[in-house]
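[1] sequence first, predicted coordinates after that:
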Amino acid sequence: MARRSNLKQLLARVGAAASAVAVLAACSSNPIEAPPPTITPAQAADSPPASAAPPGDVIPLTASGGTVQAATFDGATGSLVVLSAADGRSAVTILGSDDQPATVPVDAAATAMTGHDGVVFLAARGGYYRVDLADRAVRRFDVADRRDTEFTAIARRGDGRLVLGSADGAVLTLADETTVGAEVTVFARVDAIVTRGDTAVVLDRGQTSVTTLSQDGSARQQSLRAGDGATTMVADAAGWVAVADTRGGELLVYGVDPLILRQRYPVAGAPYGLATSADGWAWVAQTATNTVVGYDLATGIPVEKVRYPTVRQPNSLAFDDASGTLYVVSAAGDGVQVIRSAEGAQ
C-alpha cells in the first residue's frame, strides 16, 4: 500500500510539473511578437447641433464631400489644407486667402496628412501621396515590399525623411522616397506621429501612450502613459508636444528630450481637436459642447485666454501665425469656421 501511495504521489508531481511547463511555455512563447494589451480607443463626442451662430466666417466645403479627417495650415502658400474621404477615395481642399476652396482629388483613400513648405504628404495603403499645393500636382509613392500595409499616420522629420505608421503597429522611417531604412513594431496601432527635429513621437490610442523613437528610427527610446484615453497630438515650434486626453478630460503637454509630462490641465467636454501657435498657445476643441478654447502655456500651467462657440463637430483645428487666424473644421459637414485675430488683444 505504501509503495502504491508513493507511486501516486510521484505521478501527481510529474503531472503538475508538466502542466506548469506547458503553461510557462504558452505564456513565454515569443512575448515580443504578441500584441500589447490595449483598451477601447477613445473618440470625439457626437456633437449636438450648434446652439448659436459661431463667430467669424463659415465657408462651405461641399466641393470636397466626404468626411473630414485632418487639417493643416501651410505658411508657404498661406493656405488651409483639408483632407477628406468618401467612397474609397480622398480629396485635398485648399482654401487660400480669397476664401475660395479648390479641390484636388486623390485616387485612393488617404488616412492622414502632414505638410511642409507648400507640399502635403498623405498616408495611404501601400505608400503615400505627395501633393504640391501651388500647381495641384499629385504623385504616388509605393513603399518597397509594403503593398498591403495600411498606413494610418505620417510625419516629416527635420532631415526631410518621412515616417509612416501602420494599423498593425509598425513605424517605418524611410531612407529615401520608397525604401524602408528602419522599423519599430511595438505598438497596437499607430494613430498619429509628430516630429521634433529628427525625433518621432508616436501616439497609440489603444495603449493610450506616447513614445519617442531613437533618431535613427530603429528603436523605442522612451514611452509614457497618456491619460485615460488619448486621441490626438500636435507639436509646437518651441519643442513640446500637446495631447488631448478625450476620455480623461485633460490637456497633456510633454517635453520630448527627455520625454516627460510637463503640464496637465482639466478640459471638459471631450477635448479632441488641437492646434498650436508660435507664441506658446494651445487651442483645444471641446466636441461635446462645440467650443474652442485658447490656452497660454507660457507660465507652466495652461491659462485660459479666450473661448468661442464653433461649428458642429469641431474635430480639426489649424492656426495661421502670420495673421492670427484660427480655422475650425467641422467633421459633420458644416464647413470651415474662420476666426480672424483669434487671440484678441492680449
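    Yep, it's here. Since this is a predicted model, take the numbers as computed values, not measurements.
[2] give me the neighbour count for Ala278.
    12 (other Cβ atoms under 10 Å). Every C-beta, even on glycine, is put in place using the N, C-alpha and C of the backbone.
[3] dump the residue contacts of it.
    237, 321 (Cβ atoms under 8 Å, 6 or more residues apart in numbering).
[4] just to confirm, which helix or strand has it in it?
    Using DSSP states H and E, Ala278 sits in no helix or strand.
[5] roughly how far apart are it and Gly324?
    10 Å (Cβ to Cβ, to the nearest Å).
[6] Asp216 too?
    Asp216 is 38 Å from Gly324, by Cβ to Cβ.
[7] then Ser218?
    Ser218 is 41 Å from Gly324, by Cβ to Cβ.
[8] between the two, which one's more packed in?
    Neighbour count, other Cβ under 10 Å: between Ser218 and Gly324, Gly324 has more, with 15 against 12.
[9] find the nearest non-adjacent residue to that one, please.
    Ser341 (5.0 Å; Cβ to Cβ, 6 or more residues apart in numbering).
[10] bridged to Asp320, which residues?
    Thr325 (DSSP bridges).
[11] surely it is in contact with Thr77?
    No. Counting by Cβ atoms under 8 Å, Asp320 sits too far from Thr77 to count as a contact (11.2 Å).
[12] these two: which is more packed in?
    Asp320 (21 against 18).
[13] and the more buried one, what does it touch?
    If you count contacts by Cβ under 8 Å, 6+ apart, then Asp320 has 73, 75, 78, 80, 326-327 around it.
[14] tell me the spacing between it and Arg156.
    19 Å.
[15] swap in Asp236?
    Taking Cβ to Cβ, one finds Asp236 at 16 Å from Arg156.
[16] likewise Asp142?
    Counting by Cβ to Cβ, the gap from Asp142 to Arg156 is 18 Å.
[17] ok, those two, which is more surrounded?
    The neighbour comparison of Asp142 against Arg156 (other Cβ under 10 Å) goes to Arg156, with 20 against 14.
[18] ok, that one touching Leu162?
    Yes. Arg156 is in contact with Leu162 according to Cβ under 8 Å; the separation is 5.7 Å.
[19] hmm, back to that, among the contacts of Asp320, who's most crowded?
    Leu326 (27 neighbours).
[20] skipping its backbone neighbours, what lies nearest that residue in space?
    Leu326's closest residue in space is Ala342 (Cβ to Cβ, 6+ apart), at 3.7 Å.
[21] mind checking the end-to-end distance for stretch 304-313?
    21 Å (Cα to Cα, to the nearest Å).
[22] for it, which outside residues touch it?
    Against stretch 304-313 from outside (Cβ under 8 Å, 6+ apart): 44, 46-52, 54-56, 58, 281, 285, 287, 290-296, 326, 328, 330-332, 334-337, 339, 342-344, 346.
[23] low pLDDT regions in the stretch 1-150 of the chain?
    1-35, 62-65 (pLDDT under 70).
[24] ok, now with 80
    By pLDDT under 80, the low-scoring segments of the stretch 1-150 of the chain are 1-36, 62-66.
[25] for it, just list every one of the helices.
    2-28 (DSSP state H, counting those that start in this stretch).
[26] next up, the contacts around Ser323.
    340-341.
[27] please, which helix or strand holds it?
    For Ser323, there is no host helix or strand (DSSP H and E).
[28] is Ala45 in contact with Ala268, as I believe?
    No. In this structure, Ala45 is not within contact of Ala268 by Cβ under 8 Å, at 10.7 Å.
[29] show me which of those two is the more surrounded one.
    A direct count of neighbours by other Cβ under 10 Å for Ala45 and Ala268 places Ala45 higher, at 18 against 12.
[30] identify the residues contacting that one.
    Ala45 touches 246, 269-270, 272, 287-288, counting by Cβ under 8 Å, 6+ apart.
[31] ok, now with 6 Å
    If you count contacts by Cβ atoms under 6 Å, 6 or more residues apart in numbering, Ala45 has them with 270, 287-288.
[32] so what does it look like in phi/psi?
    Torsion angles at Ala45 (phi, psi; degrees, to the nearest 10) stand at phi -70, psi 150.
[33] quick check: it vs Arg220, distance?
    For Ala45 relative to Arg220 (Cβ to Cβ), the value is 32 Å.
[34] can you check Phe319 too?
    According to Cβ to Cβ, Phe319 stands 31 Å off from Arg220.
[35] out of the two, which sits in the busier spot?
    Taking neighbours as other Cβ under 10 Å, Phe319 and Arg220 compare with Phe319 leading, 24 against 15.
[36] how many neighbours does the closest residue in space to the more buried one that isn't next to it in sequence have?
    Closest residue to Phe319 apart from its sequence neighbours, by Cβ to Cβ, 6+ apart: Ala275 at 4.5 Å. Other residues lying near Ala275 total 26 when counted by other Cβ under 10 Å.
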